[in-house]
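Engineer: what shape does this take:
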Amino acid sequence: MLMLTPKPLKDTIAQSVVKQIIRAAHPFTSRERVSAVVFAYFDESGKPDHSPVVSLGAVVASERKWKDFEKEWMKELYLVKAPIHPRHNLPYFHMTDFESPDCKDYRHLNKDAREAFISSLAGIVNETISYGVVESLAVKDWNEIVMPHFLDSYRQNRGWYLFMLQNALIDIAYWTKNLSLHEPIACIFDTNNEVSYAATEHFNDIRENDYCGIGHRFVSATFANSVQFCPLQAADILAYEGRKDIHNKYIDGGERPIRKLLQVLLKEGRLNISRSNREDLETFRDVFLRPRQ
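Structural biologist: Predicted coordinates for the structure are as follows:
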């Protein structure tokens, strides 16, 4: 049986992928190099059909904060013996795997150890981010209100992602208006074959046309692998928790208490969880989409 030996932590940090990607995403004149890291939860086909709720999480921090995050995050993953990716030979975290009862990767942790581990990860996220946003929508609402007005499969399969991405960028841009931040923000997305090209086109359109007066606040769109670029794993947690919260409140009727992990993430007051309701989707349809003839 082939046994994987992960890279030593000091070698991993010395070869910081976080630093390389963030610096490549910003012009050389940038000083703080603030980046918004974006991760979405949806089916691998790029269609949201298999989940009642889809969500997109984005977390914002400076290069210095993301470098500190990388060091602490990797240290925590090594400590609990998180799974090692066979191709990249690095420990990684994916919230769906952690929550799945069928996943064997964390069975060596008892209940207390699991809670301590996920709380530590949440603490690292809180220490790092300056702002976080989760955008969600109910798939049933989207399919009934918006989907019929997309006449081609390309938009049908990707429109929901672009809609939530656009809302997240608007939220982040408005947040920056209250800051003395004079540099544009770079966006770093999780690589996905179904939506990467569409996301790039839409992002460039927002920038070039200064959509809603926010385009000038962003500088570039970059795509990265979430195993190698671990800040995406933080956005993964936010997207997952935001989706669960919206599912509880609007699909299940809000009978369950707010999840402990989400309580930890919310306590610093830097996270905004938003849901596009039916009225929001109707407004989007009426303003931006021509009624089907």
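Engineer: please make it C-alpha for all contacts and neighbour counts, starting now.
Structural biologist: Fine.
Engineer: tell me the centre residue of the protein?
Structural biologist: Nearest to the geometric centre of the chain sits Phe39, at 2.5 Å (CA atoms, centre = their mean).
Engineer: can you give me how far stretch 61-77 is from the chain middle?
Structural biologist: Mean-position distance between stretch 61-77 and its chain equals 16 Å (CA atoms, centre = their mean, to the nearest Å).
Engineer: what's the burial count for the closest residue to Ile214 other than its chain neighbours?
Structural biologist: Of all residues not flanking Ile214 in the chain, Ala173 sits nearest, at 5.8 Å (CA to CA, 6 or more residues apart in numbering). By other CA atoms under 10 Å, the residues close to Ala173 number 20.
Engineer: check Ser196 too.
Structural biologist: Neighbour count of Ser196, defined by other CA under 10 Å: 17.
Engineer: please apply the same query to the one 4 residues further on.
Structural biologist: In terms of burial, Thr200 registers 17 neighbours under the definition other CA under 10 Å.
Engineer: secondary structure element for it?
Structural biologist: helix 196-208 (DSSP states H and E).
Engineer: and the host helix or strand of the residue nearest to the centre of the chain, what does it pack onto?
Structural biologist: According to DSSP H and E, Phe39 maps onto strand 35-41. Contacts defined by 3 or more CA pairs under 8 Å, 6 or more residues apart in numbering; DSSP states H and E place strand 35-41 against strand 53-61, strand 185-190, helix 231-246.
Engineer: which residues does it contact?
Structural biologist: If you take CA atoms under 8 Å, 6 or more residues apart in numbering as the criterion, strand 35-41 is touched by 22, 54-63, 161, 185-190, 231-232, 235-236, 239-240.
Engineer: pull the distance from that strand to the chain's centre.
Structural biologist: The gap between the average C-alpha position of strand 35-41 and the chain average comes to 3 Å, counting by CA atoms, centre = their mean.
Engineer: before we move on, what about stretch 98-108?
Structural biologist: With CA atoms, centre = their mean, you get 22 Å for stretch 98-108.
Engineer: and if you look at stretch 278-292?
Structural biologist: With CA atoms, centre = their mean, you get 25 Å for stretch 278-292.
Engineer: try stretch 196-205
Structural biologist: 16 Å.
Engineer: pLDDT (mean, whole number) over that stretch?
Structural biologist: For stretch 196-205, mean pLDDT is 90.
Engineer: could you find the closest non-adjacent residue to Ser118?
Structural biologist: I think there's a mix-up here, since residue 118 is Ile and not Ser. Ile118's closest residue in space is Leu261 (CA to CA, 6+ apart), at 7.5 Å.
Engineer: near the one you found, how many other residues are there?
Structural biologist: Using other CA under 10 Å, Leu261 is surrounded by 17 other residues.
Engineer: where does pLDDT dip in the stretch 51-200 of the chain?
Structural biologist: 180-181 (pLDDT under 70).
Engineer: what about the helices in it?
Structural biologist: Remark: helices assigned in the stretch 51-200 of the chain by DSSP state H, counting those that start in this stretch are 63-79, 95-99, 111-128, 139-145, 153-176, 196-208.
Engineer: residues in contact with Thr200?
Structural biologist: Ala221.
Engineer: that one and Asn248, how far apart?
Structural biologist: The spacing between Thr200 and Asn248, counted by CA to CA, to the nearest Å, is 32 Å.
Engineer: any chance of a markdown table for the helices of the stretch 51-200 of the chain, columns distance to Val34?
Structural biologist: Output for the helices of the stretch 51-200 of the chain, formatted as a markdown table (distance: least, CA to CA, whole Å):
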| stretch | distance to Val34 |
| --- | --- |
| helix 63-79 | 6 |
| helix 95-99 | 25 |
| helix 111-128 | 12 |
| helix 139-145 | 32 |
| helix 153-176 | 11 |
| helix 196-208 | 17 |
